[in-house]
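*Asks:* The amino acid sequence is not available; the structure is as follows:
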């Protein structure tokens, strides 16, 4: 069904006039040049793994730089339900860079949270990430991946979850903040010890991604499978709260035609004016694009995302001259918990439990001590 689309902004710099750019350039030279001496270091400390299951946008996770003062990493005593120190006692076989390693669940989860979410995020967001990561691990143990039959789980975010060792993560953080960041992650894991998300008695597929485009997407829309706890919900992050909320990708029209035709040979891209290649878009109930007609073929936007390496499947597209340009909003597949959305909710005072209830419809948090 065709729905009224949400307004998807083009890249913010696209419509600026030359005079404005010149004025801004002069301003930058006079007032902002000193920042060039310190900004690279401030950004470098935020490099968390940005892989597509989907970790927070680490290439320039500047939203993490907002928290120069690290919050107290004190666990909520009403939340912590010790589960016979399960995190410390369960041993996993983890495939890391082609080699299997034995590690405790606690050590594995520390590496996942460290890789998947900037440590400068709010403590409750980190706790939500720890619970989601623990839940996904339980789900993977119950549903083994054929990609690594010799291991319980792996450190590849394209298959399981991203993972970094303590040493590697500490080396990438600002040395002045590394200890406090490490403590925040330790508290996120230990302070939620044994807690996981369940639906009808089973650990859920706790999918997550970096940045939503105003709302998450349902599993039915993205993966073709209706999962009750993975439904579309509003998400509060926006361009002021998430880095690279908007992005653009430009492709030479000949390269576009070649790439698209290899996947969809029935498409008619013979028109000289490439603007004629693109037809109607279809939108979901939240107003986000689901599919688009290209060369007379209706294609899921998620498939277009994969073909042209877009940050998300929420985009508009236009062609002028010899260039096809995608204007993209958000980052990731859009299903489950939005990491920057979780951080925004935590800033509003929501707890990890409230954040998880927001994104995983109908799932409940409970101790997994009786599940092992």
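*Replies:* Great, that's in hand. None of these values were measured; they are calculated from a predicted model.
*Asks:* Where do the helices of the chain begin and end?
*Replies:* When assigned using DSSP state H, the helices of the chain occupy the ranges 18-27, 39-44, 86-89, 105-116, 123-142, 166-172, 178-190, 219-223, 253-263, 301-308, 339-347, 352-359.
*Asks:* which stretches of the stretch 1-150 of the chain aren't confidently modelled?
*Replies:* 1-89 (pLDDT under 70).
*Asks:* do that again at 90, thanks
*Replies:* Per-residue confidence for the stretch 1-150 of the chain (pLDDT under 90) gives these ranges: 1-90.
*Asks:* Next, the most centrally placed residue in the chain: phi, psi?
*Replies:* The chain has residue 210 as the residue nearest its centroid, 1.9 Å off, counting by CA atoms, centre = their mean. Reported as degrees, to the nearest 10, the phi and psi values for residue 210 are phi -80, psi -60.
*Asks:* what's around residue 113, how many residues?
*Replies:* If you count neighbours by other CB atoms under 10 Å, residue 113 ends up with 30. All C-beta spots, glycine's among them, are computed from the backbone N, C-alpha and C.
*Asks:* Quick check: it touching residue 187?
*Replies:* No: counting by CB atoms under 8 Å, residue 113 does not reach residue 187; the two are 10.4 Å apart.
*Asks:* I'd like to know how far the residue nearest to the centre of the chain sits from residue 342.
*Replies:* For residue 210, the distance to residue 342 (CB to CB, to the nearest Å) stands at 10 Å.
*Asks:* Same question for residue 216.
*Replies:* Note on residue 216: its distance to residue 342, by CB to CB, is 11 Å.
*Asks:* ok, now residue 204?
*Replies:* Using CB to CB, which is the criterion applied here, residue 204 is 16 Å from residue 342.
*Asks:* And these two? Which one has more around it.
*Replies:* residue 342 (31 against 25).
*Asks:* returning to that earlier point: how about CSV for the helices of the chain, with distance to residue 160 added?
*Replies:* Putting those into CSV (distance: least, CB to CB, whole Å) gives the following:
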stretch, distance to residue 160
helix 18-27, 44
helix 39-44, 27
helix 86-89, 18
helix 105-116, 9
helix 123-142, 6
helix 166-172, 18
helix 178-190, 17
helix 219-223, 16
helix 253-263, 27
helix 301-308, 19
helix 339-347, 17
helix 352-359, 19
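*Asks:* Of the ones you listed, which is nearest residue 239?
*Replies:* helix 339-347 (10.6 Å; CB to CB).
*Asks:* how much distance is there from the closest one to the middle of the chain?
*Replies:* 12 Å (CA atoms, centre = their mean, to the nearest Å).
*Asks:* what's the angle from that helix to helix 105-116?
*Replies:* 100 degrees (axes from the mean of the first three to the mean of the last three CA atoms, to 10 degrees).
*Asks:* which helices and strands does helix 339-347 pack with?
*Replies:* Secondary-structure packing of helix 339-347 (3 or more CB pairs under 8 Å, 6 or more residues apart in numbering; DSSP states H and E): helix 123-142, helix 352-359.
*Asks:* could I get the ones you listed as CSV with distance to residue 306?
*Replies:* Formatted as CSV, the helices and strands packed on helix 339-347 follow (distance: least, CB to CB, whole Å):
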stretch, distance to residue 306
helix 123-142, 22
helix 352-359, 24
